[in-house]
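Asks: Quick one, fold the following:
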Amino acid sequence: MIEPLIRKPFSMLLFNDRITLELVSLDKTNQLWDIINEDRKKRSSIWPGLNTVDDLSEYIKDVIKANPAQEVVYCISTEKNKCIGTIHLHTLNYADHKLEIGYWIAQKHEGFGFVHDSIKLVENEVKDLGFHRIEIKCLDQNRRSIHVAERAGYVLEGIGADDCVRDGIFQSTYHFAKILDKNKTQNQLLNL
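Replies: Okay, the predicted model is just below:
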């Protein structure tokens, strides 16, 4: 029988030789707001609902109230740039050992593998914490995000047809997932 996970804190810092993931904090607010605003000049639909630096500050205050919480946000940084994007862990389900991740990176930093590296760091972290399944949901028109999920080894499990409204139109969502410990799943299936 699989017991619910014990809620352990997420690491404050995750890194490899190219990037650093640091839990978001209030002192990152202005830095993050600057990169969001710069990116909005090219893509107006990013970070919907956050219209001012104060909105972002309130969001960060909400996210950092507890660790672990229902949402965990890491800032993605490179050696040259302080913050180039974020990776979000949300819909944390400790009973079912699963969570969902989302990601955003400023357009000028796309195509260099930074999100892929971030996903791998997060996978190692959540596997160590006992999570078994990670889900990624991407809008059907976000080809880059879909490519990131596929490149990271996530399996397309289905498409939610017209399941959300973005920019005033219905859009479909690709549903991807990855099992972190396939041996565990195979052993459980054999014991059914």
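Asks: From the contact counts, what lies against the helix of greatest length in the chain?
Replies: Longest helix in the chain, counting residues (DSSP state H): helix 114-128. Secondary-structure packing of helix 114-128 (3 or more CB pairs under 8 Å, 6 or more residues apart in numbering; DSSP states H and E): strand 13-15, strand 19-23, strand 71-78, strand 85-93, strand 98-105, strand 133-139, helix 143-151. For every residue, glycine as well, the C-beta is placed using N, CA and C.
Asks: Let's have those in JSON lines, adding mean neighbour count.
Replies: Below are the helices and strands packed on helix 114-128 laid out as JSON lines (neighbours: other CB atoms under 10 Å):
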{"stretch": "strand 13-15", "mean neighbour count": "15"}
{"stretch": "strand 19-23", "mean neighbour count": "20"}
{"stretch": "strand 71-78", "mean neighbour count": "22"}
{"stretch": "strand 85-93", "mean neighbour count": "19"}
{"stretch": "strand 98-105", "mean neighbour count": "21"}
{"stretch": "strand 133-139", "mean neighbour count": "20"}
{"stretch": "helix 143-151", "mean neighbour count": "17"}
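Asks: among those, which is nearest residue 158?
Replies: When the helices and strands packed on helix 114-128 are compared by CB to CB, strand 133-139 sits nearest residue 158, at 10.5 Å.
Asks: what sits up against that closest one?
Replies: Applying CB atoms under 8 Å, 6 or more residues apart in numbering, the external contacts of strand 133-139 come out as 91, 96-102, 122-123, 126, 145-146, 149, 154, 164, 166, 171-180.
Asks: between it and strand 85-93, how many degrees?
Replies: Here strand 133-139 runs at an angle of 120 degrees relative to strand 85-93 (axes from the mean of the first three to the mean of the last three CA atoms, to 10 degrees).
Asks: so how far is strand 133-139 from its chain's centroid?
Replies: 9 Å (CA atoms, centre = their mean, to the nearest Å).
Asks: then that strand to CSV, C-alphas only?
Replies: Provided in CSV are the C-alpha atoms of strand 133-139 (Å, rounded to 0.1, in the frame of the first residue of the first chain):
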residue,chain,number,x,y,z
ARG,A,133,4.2,11.6,-11.7
ILE,A,134,4.6,15.0,-13.3
GLU,A,135,2.1,16.6,-15.6
ILE,A,136,2.6,19.4,-18.1
LYS,A,137,-0.3,21.2,-19.9
CYS,A,138,0.4,23.3,-23.0
LEU,A,139,-2.0,25.4,-25.1
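Asks: now the helices and strands packed on helix 114-128 as TSV including mean pLDDT and distance to residue 39?
Replies: Converted to TSV, the helices and strands packed on helix 114-128 look like this (pLDDT from 0 to 100; distance: least, CB to CB, whole Å):
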stretch	mean pLDDT	distance to residue 39
strand 13-15	97	23
strand 19-23	97	18
strand 71-78	96	13
strand 85-93	96	9
strand 98-105	96	8
strand 133-139	97	17
helix 143-151	96	13
